[in-house]
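In: only geometry, no sequence info:
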């Protein structure tokens, strides 16, 4: 038997409970071959479960840790880890939650999970030198419409029909924070959220939908004039004006702008 085939059989035993191949070459002793493989299989799935608990503490708090652990084991059977780095495990959990019919009583849960995943991405993202407002000094006003603005890799953007930032805080927060989140949920409050790293801390900040749309457009490679147009359109829908100076100040103050250039 080739090494490659042995490795594939062992991987199936660990991730899919398929012991048919590997049990033929695992030695029987005090325990049967399949029993040995079950031990390894269970340890792998428990490691995945523990990784999800670490990444998604708010989700676990919202549904209860016992149910979350059961859910995590089911997720592992559908989405085995493809990396030896467990920090990369669990990206599909928000979509998995949306597929579970019993999660209907928690319609906001998938978005809370997206926020928690975004926090992990922000924390582990590469660090880049930030640009200062002085970087605009050598750019003529006539060139501003064609500016492209690059943001720090840590900047993550999430928009939700639910008050996800408040729900995330309340999941492990004080009674007052829980009451605030419940009130926001009852009143149908939505949220536009920016997640970013400040030094070694990750900040979760609820921002206006107008600012959110401006940031999103620029991150998707729109030039400044296009991003402003989109923000103004959103502002007309939510009855909020867009102020470019305030938006630029917001991004500069948080050290999120890492590059400014005129589009070719």
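Out: Ah, there it is. Quantities reported herein were computed from a predicted structural model and do not represent experimental measurements.
In: Just give the nearest non-adjacent residue to residue 100, would you?
Out: Once flanking residues are discounted, residue 100 sits nearest to residue 71: 7.4 Å by CB to CB, 6 or more residues apart in numbering. Every C-beta, even on glycine, is put in place using the N, C-alpha and C of the backbone.
In: Okay, and the one you found sits in which element?
Out: Under DSSP states H and E, the secondary-structure element containing residue 71 is helix 65-78.
In: on that earlier part again, ok, the residue nearest to residue 100 - how many residues close by?
Out: Each residue near residue 71 was counted by other CB atoms under 10 Å, and the total is 23.
In: One more: residue 176?
Out: Close neighbours of residue 176, defined as other CB under 10 Å, add up to 9.
In: Give me the pLDDT for it.
Out: Looking at residue 176, its pLDDT reads 96.
In: ok, now residue 76?
Out: Taking residue 76 on its own, its pLDDT is 88.
In: repeat for residue 183
Out: 97.
In: Could I get the full set of strands for the stretch 151-264 of the chain?
Out: Counting by DSSP state E, counting those that start in this stretch, residue ranges of the strands within the stretch 151-264 of the chain are 156-160, 191-198, 201-207, 257-262.
In: who does the first one pair up with?
Out: The partner list of strand 156-160 in its sheet, established with DSSP bridges, is strand 191-198 (antiparallel).
In: quick one on the thing from earlier: right, so the strands of the stretch 151-264 of the chain: which one is the most enclosed?
Out: strand 191-198 (a mean of 22; mean count of other CB atoms under 10 Å).
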